[in-house]
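> Fold the following for me, if possible:
(2 chains)
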Amino acid sequence: MWMLLMSVLGMGPRRTASPGPDDDWYQWIEGVARGEQQALSKLYDQSSRVVYGIALRILGDEADAEEVTLDVYNQVWRIARDYSPDRGAPSSWLIMLARSRALDRLRARGRRRGRETTLDSVGEAATGGYGPDDAAYFKLAAEKIRSAMTSLSPEQRQLIEMSFFGGLSHSEMAERLGQPLGTVKTRIRSGMSRLREMMSAGKEVQ
Amino acid sequence: MERETLRSHCDAYVLGLLDGEELRELEALINKGDPETKTALRESIDLVAQIALTSNPADPPALLRPKIMNALPKPAEAPPQRKRNVLSFAGWAVAAGLALVAFLGYQSANMYSSRLARAEGELREARQEAAGLRAESRLMKRVMAIVMARDTRLIRLASAEPERPQFRAFWSQPTGLVLTGVNVTAPQSGRTMQLWVVPKAGNPVSAGVFQPAADGQVVHIPESLTAAIEGSAALAISDEPEGGSPQPTTKPVWVGAIGD
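Below you'll find the model as predicted:
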């Protein structure tokens, strides 16, 4: 999905046939690296709802999410020249940057306040959200990953989302869920393997 | 490392879950630039990033966009010229010197002619005035020697109060220092301005006191510059009691970094 750019630019193997935003995003990031404010402006317009949504999901607080979003684009402005396709597709790079900044803030806040994903919130997150104003590729990507997530067992899904949105370690998740550490590791490993299988090219998500 | 194990380790690494021996092993492969690891890691980043899309997008506050754009640093200025580049400095120094000569000469001529007119017939006063002009002439020669020296550096002293004018200091290691300013407001009665050389460590060292002329002009050459400017951090000007202070008693009003 996101990786189309790599194939188009010959920077990686073709792995999906889905359309992606990364040809535009790559150019914007290059523009930002040259100090072009207009490029950052375009990148913001296309991605800020996703970036802010991730920060809000992780932090559960609008003011904190706003600060994180500001930090993310400020950081993009400063480090765009360091971006390389080895760090993932441009959209992946931006999303991981947003996750990282939000988790930093969460840890600095010293309170996780139960923001780790519960089974209920997984269901909540998987409904709606992307509207007519969002780019088509986001809608398609979201639809596909959400479908892929439903192919996981509830326990696998919960652990993967706790890890991604909560930034919890294996042992923290094991402690909170009262599960053996080995079970947690195995479920995440098998869950990610299943996700990869579902998301890879040529696989139809049920 | 088997392909599936490598993928699994990369997934855990991107999620921040990998630790212990497995982490060390993967980092060793990354640092080695192993191509298979590089590919697996990139694929893991792309896969893990998509998990974010299970969360709903949300509209950030409308003011965030201008806030971000306004907070961006301004485009970088052209890199400063090397301060000791004698060739590139020469043109500037000549221009600055000529400007200074013209400026001081104009001021002197004005002062001379107006005072002569007022003091017509008063020979003593005229002689005093002539003596003053000779002193000014000597001062001008010293200023010119400093400004035109091959190693002269320009140090701008700015104030945090934007309405205050900027001072300029010209400094040459063998020839000395001259501080110049225009439109400078005189300090209050019983007060004086004092120039300081601020070392990188230790207390500021006085570089003399001065008063602006009635027209706001300042040309100050410290008579005995005990502080080594080379290697010092800054020049500063503070408002001090008449006669000056051994150490600053007020916060500096003007500061200029000396640089390397």
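> Relative to residue B:219, how far out is the nearest residue to residue B:173 once chain neighbours are set aside?
In space, and not counting its chain neighbours, residue B:173 is closest to residue B:151: 5.7 Å by CB to CB, 6 or more residues apart in numbering or on different chains. The way it works is simple: take the backbone N, C-alpha and C, and place the C-beta from them, glycine included. As judged by CB to CB, to the nearest Å, residue B:151 and residue B:219 stand 20 Å apart.
> Comparing those two, which shows the higher neighbour count?
residue B:219 (21 against 14; other CB atoms under 10 Å in any protein chain shown).
> how about the helices of chain A, start to end?
A:4-8, A:22-33, A:37-59, A:62-79, A:90-109, A:119-125, A:136-150, A:154-166, A:170-177, A:181-199 (DSSP state H).
> and those, which one's lowest on average pLDDT?
Least confidently modelled of those is helix A:4-8, at a mean of 30 by mean pLDDT.
> thinking again about what came up before, how about the helices of chain A, which one is nearest residue B:202?
Closest to residue B:202 of the helices of chain A is helix A:62-79 (CB to CB; 35.6 Å).
> Who are the contact partners of residue A:51?
Contact analysis of residue A:51 by CB atoms under 8 Å, 6 or more residues apart in numbering or on different chains lists A:69, A:72, A:73, A:94, A:95, A:98, B:60.
> can I assume the residue nearest to residue B:173 is in contact with residue B:172?
Yes - counting by CB atoms under 8 Å, residue B:172 is a contact partner of residue B:151 at 5.3 Å.
> Find the least confident helix or strand in chain B, judged by mean pLDDT.
helix B:86-118 (a mean of 57; mean pLDDT, DSSP states H and E).
> Could you measure from the spatially most central residue of chain A over to residue A:139?
What sits nearest the mean C-alpha location of chain A, by CA atoms, centre = their mean, is residue A:95, with 4.7 Å. Distance of residue A:95 to residue A:139, computed by CB to CB: 16 Å.
> same check, this time on residue B:63
Taking CB to CB, one finds residue B:63 at 27 Å from residue A:139.
> Those two: which has the busier surroundings?
residue A:139 (16 against 9).
> secondary structure class for the residue nearest to residue B:173?
coil (DSSP: H, G, I helix; E, B strand; the rest coil).
> Which pLDDT value goes with it?
Reading off the model, residue B:151 has pLDDT 83.
> picking up where we left off before, can you tell me which of the contacts of residue A:51 is closest to residue A:57?
For those, the nearest to residue A:57 is residue A:98 (10.2 Å; CB to CB).
> Please verify my assumption that residue B:145 contacts residue B:178.
No - Residue B:145 is beyond contact range of residue B:178, at 9.2 Å (criterion: CB under 8 Å).
> quick one, domains of chain A?
A:1-112, A:116-206 (automatic domain parsing).
> What is the burial count for residue A:25?
24.
> That one contacts residue A:92, doesn't it?
No - in this structure residue A:25 lies outside contact range of residue A:92 using CB under 8 Å: 9.8 Å.
> Stretch A:75-89 near chain B anywhere?
Yes - against chain B, stretch A:75-89 shows contacts by CB under 8 Å from any CB of the partner chain at A:77, A:85, A:86, A:87, A:88, A:89.
> what's the distance between that stretch and the middle of its chain?
Mean-position distance between stretch A:75-89 and its chain equals 16 Å (CA atoms, centre = their mean, to the nearest Å).
> same question, stretch B:184-192
Put simply, stretch B:184-192 sits 25 Å off its chain's centre (CA atoms, centre = their mean).
> Now it: average pLDDT?
Throughout stretch B:184-192, pLDDT has a mean value of 90.
> Equivalent analysis for stretch B:5-20, please.
When pLDDT is averaged over stretch B:5-20, the result is 91.
> how about that stretch: buried residues?
B:6-18 (16 or more other CB atoms under 10 Å in any protein chain shown).
> got the contact list for it?
Residues outside stretch B:5-20 that contact it (CB under 8 Å, 6+ apart): A:96, A:103, A:160, A:163-164, A:167, A:169-170, A:188-189, A:192-193, A:196, B:1, B:22-23, B:25-26, B:29, B:36-37, B:40-41, B:43-45, B:47-48.
> just the buried members of these?
By 16+ other CB under 10 Å, the contacts of stretch B:5-20 give A:96, A:103, A:160, A:163-164, A:167, A:169-170, A:188-189, A:192, A:196, B:1, B:22, B:26, B:29, B:37, B:40-41, B:43-45, B:47-48 as buried.
> how about the strands in the stretch 51-200 of chain B?
For the stretch 51-200 of chain B, applying DSSP state E, counting those that start in this stretch gives strands covering B:153-159, B:167-172, B:176-181, B:191-198.
> To chain A, which of those strands lies closest?
strand B:153-159 (25.9 Å; CB to the nearest CB).
> in the closest one, what's buried?
B:153, B:155, B:157.
> ok, residue B:68 to chain A distance?
5 Å (CB to the nearest CB, to the nearest Å).
> Check the gap between the residue lying closest to that residue once chain neighbours are set aside and residue A:49 for me.
Distances taken as CB to CB, 6+ apart place residue A:73 nearest to residue B:68, at 4.8 Å, with adjacent residues excluded. Relative to residue A:49, residue A:73 is positioned 13 Å away (CB to CB).
> who has more neighbours, those two?
Under the criterion of other CB under 10 Å, the comparison of residue A:73 against residue A:49 puts residue A:73 first, with 27 against 23.
> Much appreciated, bye for now.
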